[in-house]
Structure formats: structure tokens, C-alpha cells
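Asker: Sequence isn't available, so here's the structure alone:
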């Protein structure tokens, strides 16, 4: 019953969201608030960032801080590369791939060692950061827009960790795997769009 509810919720979110709003071409502004809202307006970024937190909680121990720290630091590097105008191939594919991989990792319930999981998360963060940096409004600075999306990302990781810890504490262990299945289903939907 819980598995059906998780999958149904994932499909509902997928069908009712504006998947591509986090990407270029929308009414942009250069404030801290616009930077904070940017990761919240695209389902691909939102799912990946919450999933990082859930996966960190599933692994436990050092992963609780190592995965979010790896994501945030490498996302900064990617953001700088995106702002510099460099080209990075397959950005959108890697972002959707991060949703799929993170969902699958959580759903399988066989966590990697925290160090390897941090490297995987960091690799995907490069592409998320690049997309944010490349889409930063020309009038924005890293001190405004960039700090906003870093804060939002950290908050989303925290939400994921909270979900993971709550589910692990108050439900049987396999329940967290349903959240991974929901993320995976949403990632498959993103691939089809």
C-alpha cells in the first residue's frame, strides 16, 4: 500500500510540475531570492537534491554531512564553469541521469561506502552547478544569485535527510526504498519529456 502511494505521489508530482522552468528563457531577475527559488522551480533539480539527502540518511554516519558537502562544493565549481561560458556536453542528460541513479540507489537499498557515494554525488553536482551557472542572469553576481541557489540546495539536502531519518526511525527499513522508487519513476518521466 505504501509503495503504491509513493509511486502515485511521484507520478502526480511529475504530471503537475513545470519540469523545464529551472532552465533558460524564463523571466529572470538577479536577486538572492531568485537564486534561492531557481532550484525549486525545476523538478529535475528538486528531485536530485532531495534524493542526495535521502541517500545520505540511508547510508548514515559520515554520509550525513559528506554527501551534501560534496554536492555543494562541486556544484560551486560547476557554477563557476557555467558562468565562465565554457561548454560542457550532455548537461541535461547528466542532470536527468542523476535523478535516475539516485532514485535507483535508494530503491535498491544497498548503499555504497560514504566516500564512493560522495564521489558519485560530486560528479553529478558538477552538471547541476554548471546548469545553474550558465543560466545565471547577466545582471546577477555570485554573491546574490549564486548564494541563493547554494542555500536552497543545502535546504533541499536537509529536507531529504529529514525524510530519510524520519522514515528510518518510524517505519520499517524497506520503506525508504519506496521513496527511491518514486524518484526513479519521476526520473523516467523526465526522460520521456
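Answerer: Perfect, thanks for sending it. As the structure is a prediction and not an experimental result, all values here were calculated from the model.

Asker: C-alpha from now on. contacts and neighbour counts both.
Answerer: Will do.

Asker: Give me the contact list for the longest helix belonging to the chain.
Answerer: Ranked by residue count under DSSP state H, the longest helix found in the chain is helix 147-170. For helix 147-170, the surrounding residues in contact (CA atoms under 8 Å, 6 or more residues apart in numbering) are 32-40, 46, 49-58, 64, 68, 72, 132, 173, 175-176.

Asker: Can you list the low-confidence ranges for the protein?
Answerer: 1-30, 138-140, 142, 172-173 (pLDDT under 70).

Asker: So for the longest helix of the chain, what gets flagged as buried?
Answerer: Using 16 or more other CA atoms under 10 Å as the test for burial, helix 147-170 gives 147-165, 167-168.

Asker: tell me how far that helix is from the chain's mean position?
Answerer: Distance of helix 147-170 from the chain centroid (CA atoms, centre = their mean, to the nearest Å) equals 10 Å.

Asker: which is the next helix or strand following it?
Answerer: helix 175-192 (DSSP states H and E).

Asker: my read: residue 127 touches residue 91, true?
Answerer: Yes: between residue 127 and residue 91 a contact is recorded at 5.5 Å, counting by CA atoms under 8 Å.

Asker: Please say which of the two ends up with more neighbours.
Answerer: For the pair residue 127 and residue 91, the greater number of neighbours falls to residue 127 (27 against 17), based on other CA atoms under 10 Å.

Asker: Now the more buried one: which helix or strand?
Answerer: Using DSSP H and E, residue 127 falls in helix 114-134.

Asker: tilt between that helix and helix 147-170?
Answerer: With axes from the mean of the first three to the mean of the last three CA atoms, to 10 degrees as the basis, helix 114-134 and helix 147-170 are set at 150 degrees to each other.

Asker: elements contacting helix 114-134?
Answerer: helix 43-59, helix 63-83, helix 91-108 (3 or more CA pairs under 8 Å, 6 or more residues apart in numbering; DSSP states H and E).

Asker: Run through the neighbouring helices and strands of the second one.
Answerer: Right, the one you point to is helix 63-83. Checked by 3+ CA pairs under 8 Å, 6+ apart, helix 63-83 has helix 43-59, helix 114-134, helix 147-170 packed alongside it.
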